[in-house]
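A.B. asks: pasting a predicted model and its sequence here:
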Amino acid sequence: MAHLRAVLSASSVFDMAVVVVDAQKGVQPQTAEHLLLVSILCPQHVIIVLNKIDLVNSEQLESIRKRMRKVLKYFGIPSQSPIVSVSLVGSRASESAKALIETLRCNLYEPKRISSGRFVMSVDHCFPIRGKGTVMTGTVVDGCCSVGMEVVIPSLKEKRKVKGMQRWKEDIKCACMGERVGVLFQDIPTKDIDRTVIFQPAALDTVQVALASITQISHFKCELSDRSKIHVSIGFETVMATCQFLVEDDKEEFEQLSNLDERVTAVLLTLDRPIYAREGSFYMAAKLDMQGKGCRFAFYGNVLRMLSSGNEVCRFRRKHRSGCVARIEGDRTSVICTSLFSKESDVDAFLSMVVKLSTGERGTIEGPFGKSGKIRVRVSQGLSDETVAAITAGEKVTVELWMKKYLNNGKLMSYLP
């Protein structure tokens with residue numbers, strides 16, 4: 001799980017990947033997970049390194065190279081991505097190193113950065129230096145950091161000023177997005193600090209409920225129902241979250257579905273504990289406790305809104321009732337319907353709701369008719385001759401009621417699909 005956190009924490013500056021594959025064993029489960037992450041973060045910039053080629057013959061090596069091309073295509077990575085064969089045994093070691101360096105040189109490029117301007121750094125090591133202080137090393141994933149800047153260290157719940165900075169053992173004054181750097185602070189305890197994040201004040205905030213975009217991973221074959229628990233990784237944090245799968249109905253409201261399917265366009269995540277993040281943060285959802293074989297990664301996306309409560313998102317579930325027209329009452333503007341409600345139903349809660357007859361006419365529920373569950377429906381435009389003839393002849397004419405039940409306040413509203 002540590003490698004997952006390390007990758008996700010640097011997702012905003014994940015520009016290129018080198019994936020090492022054992023030439024003798026081929027693609028192992030963890031290798032497949034690495035390739036999946038690469039297919040999401042940088043599919044156009046990946047180099048495959050076939051290691052330990054001294055353990056296979058030339059025919060086996062050619063076979064594994066062909067299989068790797070197919071595996072790359074399966075994951076949506078260009079099948080013509082560079083594949084370098086290496087061995088660290090004997091005379092091959094020098095040649096392998098040269099081949100790999102040349103491949104890296106030919107595939108290097110200058111990535112385009114989109115920075116918010118606020119400093120955020122993922123920290124992967126923290127250690128003391130006697131007489132100087134404590135060094136945190138890592139990657140700047142947003143903004144820039146300079147000597148003298150005040151930064152937040154959330155694991156300590158403190159703010160500290162940067163005393164100094166180094167890159168490749170050289171003192172520097174500033175480090176920006178995408179750069180590796182060591183940051184020096186006044187003595188701080190290191191025993192509880194390992195992989196973490198530090199940031200400029202207000203660059204990140206705590207969040208426990210978030211509305212997020214969602215892209216489903218086709219390799220994930222398990223079913224996820226509404227309110228399923230799943231591991232969500234954001235930055236260096238991996239926490240359990242409760243998922244509610246949503247379909248955007250319009251700009252202001254979402255339909256909540258009973259499970260994850262192809263209709264889902266967003267997800268409401270309720271984390272078991274608060275973490276530091278911001279709008280736009282990349283996340284990955286996975287069933288890390290899944291037993292047996294199969295892809296553990298379920299879906300991914302970005303945080304759209306950070307919320308104090310799930311009720312800030314207007315959500316509803318669709319409801320549907322169906323009944324039958326029993327007879328026409330008086331003129332052609334009123335019908336008596338059965339089976340839409342039971343005799344115990346409180347019809348008053350449905351007054352003025354819009355219904356539709358199977359013959360096309362629209363009407364509104366006017367009120368109960370007797371005490372057996374029958375209702376009166378007003379058809380203001382009147383029934384057509386064809387509808388009157390059908391009802392008179394005893395043909396079945398249904399009346400349909402579609403509703404939205406809002407989860408925020410429990411209200412019911414009718415609609416026509």
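C.D. replies: All right, it came through fine. Predicted model only: the values in this text are computed from it and were never measured.

A.B. asks: identify the residues contacting the strand ranked longest in the chain?
C.D. replies: Ranked by residue count, the top strand of the chain under DSSP state E comes out as strand 315-328. Residues outside strand 315-328 that contact it (CB atoms under 8 Å, 6 or more residues apart in numbering) are 244, 246, 249, 253-256, 268, 334-341, 357, 374-375, 383, 388, 391-392, 396-408, 412. C-beta coordinates here come from the backbone N, C-alpha and C atoms, glycine included.

A.B. asks: go through those residues and flag which are in strands.
C.D. replies: Those of those lying in strands (DSSP E): 244, 246, 254-256, 268, 334-338, 357, 375, 398-406, 412.

A.B. asks: buried by neighbour count, from the residues you listed: which ones?
C.D. replies: Among these, those classed as buried by 16 or more other CB atoms under 10 Å are 244, 246, 254-256, 268, 334-335, 337-338, 357, 375, 398-399, 401-404.

A.B. asks: for I101, give me its contacts.
C.D. replies: With CB under 8 Å, 6+ apart, I101 has no contacts at all.

A.B. asks: gap between it and V84?
C.D. replies: 10 Å (CB to CB, to the nearest Å).

A.B. asks: and what of E395?
C.D. replies: Taken as CB to CB, the span from E395 to V84 is 75 Å.

A.B. asks: higher neighbour count, those two?
C.D. replies: V84 (19 against 12; other CB atoms under 10 Å).

A.B. asks: is that one in contact with I48, as I believe?
C.D. replies: Yes. In this structure, V84 is within contact of I48 by CB atoms under 8 Å, at 7.1 Å.

A.B. asks: can you pull up the bridge partners for L307?
C.D. replies: V209 (DSSP bridges).

A.B. asks: wait, C243
C.D. replies: On the basis of DSSP bridges, C243 is bridged to L269.

A.B. asks: OK, contacts around it?
C.D. replies: 224, 226-230, 260, 267-269, 285.

A.B. asks: in CSV: the residues you listed, plus pLDDT, secondary structure and distance to F350.
C.D. replies: Listed next are those as CSV, based on pLDDT from 0 to 100; DSSP: H, G, I helix; E, B strand; the rest coil; distance: CB to CB, whole Å:
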residue, pLDDT, secondary structure, distance to F350
L224, 96, coil, 33
D226, 96, coil, 25
R227, 96, coil, 28
S228, 96, coil, 33
K229, 96, strand, 36
I230, 95, strand, 37
L260, 97, coil, 32
V267, 98, strand, 32
L268, 98, strand, 28
L269, 98, strand, 34
A285, 95, strand, 39
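
A.B. asks: just the buried members of those residues?
C.D. replies: 224, 228, 230, 260, 267-269, 285.

A.B. asks: relative to G301, which of these is nearest.
C.D. replies: Closest approach between the buried ones among the contacts of C243 and G301, by CB to CB: V267, at 7.2 Å.

A.B. asks: now that closest one: how far from L257?
C.D. replies: According to CB to CB, V267 and L257 sit 10 Å apart.
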